[in-house]
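Participant: sequence unknown, structure follows:
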């Protein structure tokens, strides 16, 4: 079992739709949870990060972490064509257990928002 | 956040040669990281580079193949040595600006080995 599982899609939605992106993980030591957006031929851009369980909202984006279920989600409201990109989830133990801030990534979900 | 640049942005190399990738950050950072992103795969950590100490390599990556330098708090290099077509990938550097909550990435170096 991989440490982080993410459905690679592709996911295609009409403009204005609500998008739900998800990752599951197996390592209960993960404490920090991140979502990155990566446009074609660009580096990953940090969208949001959360610590432990709970919700975090930033504009049209909401990140949710459920540590009891080992499940994280990113919701995009009122999706726009400019949201078309690959979305990567990532997780970290911080500096606990000698993990030295290592990030473990999902494979990414390719999202296309159609005008 | 952090402003991170990488050079070169892309290159095409012949097998058996080596390529050095540079990573420059706009301010001092303690920890820098090097990742590889192969087509259809997750980003995979190659090594962690702290200034003033030897780089720490992840399982499956060795110093002879991926030597790293970290001469100061704003700069690092990764060399891909004795390249083969399997080394064709995107190589990314990242930095930790906080207390380990997250990392910020450079634009990447796209490497094709023929």
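Facilitator: Perfect, thanks for sending it. Being a predicted model, the structure only gives us computed values, none of them experimental.

Participant: which bits of chain A sit near chain B?
Facilitator: Chain A has residues A:4, A:8, A:32, A:34, A:36, A:41-46, A:49, A:51, A:88, A:90, A:92, A:94-95, A:100-108 near chain B, with proximity defined as Cβ under 8 Å from any Cβ of the partner chain. The C-beta positions use only the backbone N, C-alpha and C, and glycine is treated the same way.

Participant: tell me who's in contact with the most centrally placed residue in chain B.
Facilitator: By Cα atoms, centre = their mean, chain B has its centre lying nearest to residue B:34, at 3.2 Å. Contact analysis of residue B:34 by Cβ atoms under 8 Å, 6 or more residues apart in numbering or on different chains lists B:23, B:45-47, B:49, B:66, B:68, B:76, B:78, B:91-94.

Participant: let's see that with 7 Å instead.
Facilitator: Neighbouring residues of residue B:34 by Cβ atoms under 7 Å, 6 or more residues apart in numbering or on different chains: B:46-47, B:49, B:68, B:78, B:91, B:93.

Participant: wait, a strand at residue A:13?
Facilitator: Yes - under DSSP: H, G, I helix; E, B strand; the rest coil, residue A:13 sits within a strand.

Participant: rewinding a little: buried stuff in the helix or strand encompassing the residue nearest to the centre of chain B?
Facilitator: Secondary structure from DSSP states H and E places residue B:34 in strand B:31-37. Within strand B:31-37, the residues that count as buried by 16 or more other Cβ atoms under 10 Å in any protein chain shown are B:31-37.

Participant: please apply the same query to stretch B:62-78.
Facilitator: Going by 16+ other Cβ under 10 Å, stretch B:62-78 has these buried residues: B:65-68, B:70, B:73-74, B:76-78.

Participant: any idea which helix or strand carries the residue lying closest to residue A:5 once chain neighbours are set aside?
Facilitator: Leaving aside its chain neighbours, residue A:5 sits nearest to residue A:24 (4.9 Å; criterion: Cβ to Cβ, 6 or more residues apart in numbering or on different chains). If you go by DSSP H and E, residue A:24 is part of strand A:19-25.

Participant: beta partners for residue B:22?
Facilitator: The partner list for residue B:22 in beta bridges (DSSP bridges) reads residue B:7, residue B:77.

Participant: count the residues that sit near it.
Facilitator: 16 (other Cβ atoms under 10 Å in any protein chain shown).

Participant: how about residue A:11?
Facilitator: Residue A:11 has 15 nearby residues by other Cβ under 10 Å.

Participant: spit out the contact partners of it.
Facilitator: Taking Cβ under 7 Å, 6+ apart as the criterion, residue A:11 is in contact with A:109-111.

Participant: what about it, distance to residue A:83?
Facilitator: Separation of residue A:11 from residue A:83 (Cβ to Cβ, to the nearest Å): 11 Å.

Participant: before we move on, what about residue B:20?
Facilitator: Computed as Cβ to Cβ, the residue B:20 to residue A:83 distance reads 36 Å.

Participant: repeat that for residue B:45.
Facilitator: For residue B:45, the distance to residue A:83 - Cβ to Cβ - is 27 Å.

Participant: those two: which has the busier surroundings?
Facilitator: Ranked by neighbour count (other Cβ under 10 Å), residue B:45 and residue A:83 place residue B:45 first, with 24 against 19.

Participant: the helix or strand harbouring the more buried one packs against which elements?
Facilitator: Assessed by DSSP H and E, residue B:45 sits inside strand B:43-50. Helices and strands touching strand B:43-50, by 3 or more Cβ pairs under 7 Å, 6 or more residues apart in numbering or on different chains; DSSP states H and E, are strand B:31-37, strand B:56-57, strand B:68-72.
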